[in-house]
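In: following is a predicted model, sequence given first.
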Amino acid sequence: MNKVILLCLILLSFSAQAQTDTLRLTLDECIMMARRQSVEAAVALGELKSAYWQWRSYRADLLPEVSFSATTPSYNKRYTSYQQADGGVSFVRNDYLGLSGSMHVSQKIWPTGGTLSVESSLDYLHQSGGGAGGNQLMSLPLAVTLSQPIFGVNHVKWSRRIEPLRYREAKARFLTETEQVAMQAISLFFNLLLAGEQEHIAQQNLATAEKLYEVALAKREMGTISENDVLQMRLNTLTARSTLTNAESTRQARQFALRSFLDVDADIEPVVTEEIPKLSLQYNEVLDHALANNAHAITLRRRQMEADYSVAIARANRQSINLYAQLGYTGTGTTVGGAYRDLLSKEVVQVGFSVPLLDWGKRKGQRRMAESNREIVQGQLRQQAQEFRQNIFVLTEQFNNQLAQLRIAEEADSIARRRYHTNVETFKIGSISTLELSDAQTAKDEARQNRIHQLFNFWYYYYQLRSLTLWDFERGENINADFEQLVR
């Protein structure tokens, strides 16, 4: 029993240690975790699966549909009215049992938009009562039916144009949302990194302020500085302690945000690597990749096609002509074998049409409205295309400029730190004032934070370009995924 208790205590201690361990993550590792286990990634995957099954339904709709229907059984026992030859009406008793079954195969005709179907059926009727009786069967071994609209809209043709674009758009949107998950991970990663750096700076500043306050007290006793300088150093110490408290609270909040986003229990320590891709992008190349891959570009083409589809429907509503033709054989008998002998031909040909003679301009108005809506859509698409190209241009320029900004920020950070340390040593020997020291400290803190901010901008611009172009600029290839594996 004691061994069991000891084992439980050991396991609990390991569990507690595991919960308090710190997880060191590089930016690449953080992005990989976000793509794999964040809620946003799961939502994007759910939308992809929904689009996939819509695509599968469309594909299945183009294939032959086979159906079987049956009535087993249908029993009726009732009186119905019957009009005799002399005009009199009498009530006749109907008492029968019926069974029926049919097999139906239909296929949409892609080039014309019609439907071709093949049917086979067998009906059984057993009538009793009123002197009638016996079995009767009617067979329809084969019937071929064609239903074809004439001068109408070929909905199958339009679906074959629009639905593939819709699925391509869904796949591109999934990849874009995956890159946007990476962008969100970058923001949270650098927010935590900056908060940690601010806390570290606050700790250093507090330690420095406390030492300088002690130096100021010693100088005051020697009479080398004024009481005002001593009070200023004390105020600096209190301000540094308050800043540290706020920095600790901010870091905890951002730590919680990143942990929740990545769905991990351990505290996260961001690890920054200085390696960044040395890239110089050309606007025309970036734009070509964006137009070829981006979901927005595909959406523009799909919306244009849907607007044309609406106009085609409105124009086809001016008249309606439909052709219906059926050819087959049928037979009757008292047995199953007899129902399939001495078959008779069955032929039906119908041509129906509907032409409005007076509709007070309703169909003309519908057509004009569809054409006006198409013009509106075309204008919106042109405007969106211009904005899309402009955004690509601005973002490309920002990314190309960001590498230089990062190098400047790194050098400024190094200079500001050296200047601050020099001023601290100079203050100790009494050569500069507290205002000059405070100015050096502020410049040092701002330079360090600006370096992190510029590094964040670089990676954020880079993944924003990836999300817009779905192109891996480092590898020189399209960003892709195994969609068949993802939707399983």
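Out: Looks like it came in fine. Numbering: from 1, shown residues only.
In: quick one, phi psi at the residue lying farthest from the centre of the chain?
Out: Most distant residue from the mean C-alpha position of the chain: residue 86, 73.7 Å away (CA atoms, centre = their mean). Per-residue torsions, residue 86: phi -80, psi 10 (degrees, to the nearest 10).
In: and residue 82, by the same measure?
Out: With angles defined as degrees, to the nearest 10, residue 82 sits at phi -140, psi 120.
In: next up, phi/psi of the closest residue to it other than its chain neighbours, please.
Out: Of all residues not flanking residue 82 in the chain, residue 92 sits nearest, at 4.5 Å (CB to CB, 6 or more residues apart in numbering). In this view, the C-beta of every residue, glycine as well, is placed from N, C-alpha and C. The phi/psi pair for residue 92 (degrees, to the nearest 10) reads phi -120, psi 140.
In: any idea how this protein splits into domains?
Out: Per the record, the chain has its domains at 23-57+160-303+374-486, 69-109+112-153+320-355, by automatic domain parsing.
In: least reliable of those going by mean pLDDT?
Out: Lowest mean pLDDT within those: domain 69-109+112-153+320-355, at a mean of 80.
In: doesn't residue 201 fall inside a helix?
Out: Yes - assessed with DSSP: H, G, I helix; E, B strand; the rest coil, residue 201 lies in a helix.
In: ranges for the helices of the stretch 101-250 of the chain?
Out: 155-222, 227-262 (DSSP state H, counting those that start in this stretch).
In: show me what the longest one packs onto, helices and strands only.
Out: Packed against helix 155-222 by the contact rule (3 or more CB pairs under 8 Å, 6 or more residues apart in numbering; DSSP states H and E) you find helix 27-37, helix 39-61, helix 227-262, strand 267-271, helix 295-316, helix 362-428, helix 434-469.
In: residues in contact with the residue farthest from the centre of the chain?
Out: Taking CB atoms under 8 Å, 6 or more residues apart in numbering as the definition of contact, residue 86 has no neighbours.
In: check residue 128 too.
Out: The contact partners of residue 128, by CB under 8 Å, 6+ apart, come to 95, 96, 97.
In: just put those in CSV and tack on neighbour count and distance to residue 228.
Out: Converted to CSV, those look like this (neighbours: other CB atoms under 10 Å; distance: CB to CB, whole Å):
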residue, neighbour count, distance to residue 228
95, 16, 118
96, 16, 116
97, 15, 114
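In: among those residues, which one sits closest to residue 424?
Out: The shortest approach to residue 424 among the contacts of residue 128 belongs to residue 97, at 106.6 Å (CB to CB).
In: which neighbours does the helix or strand containing that closest one have in its sheet, and in what orientation?
Out: Assigned by DSSP states H and E, residue 97 belongs to strand 89-108. With DSSP bridges as the test, strand 89-108 is paired with strand 65-83 (antiparallel), strand 115-127 (antiparallel).
In: among those strands, which is nearest residue 222?
Out: Closest approach to residue 222 among these is made by strand 65-83 (100.6 Å; CB to CB).
In: which residues does the closest one contact?
Out: Contacts for strand 65-83 (CB under 8 Å, 6+ apart): 89-107, 129.
In: repeat for stretch 477-488
Out: Contacts with stretch 477-488, where a contact means CB under 8 Å, 6+ apart, come from 45, 48-49, 52, 171, 174-175, 178-179, 293, 466, 470-472.
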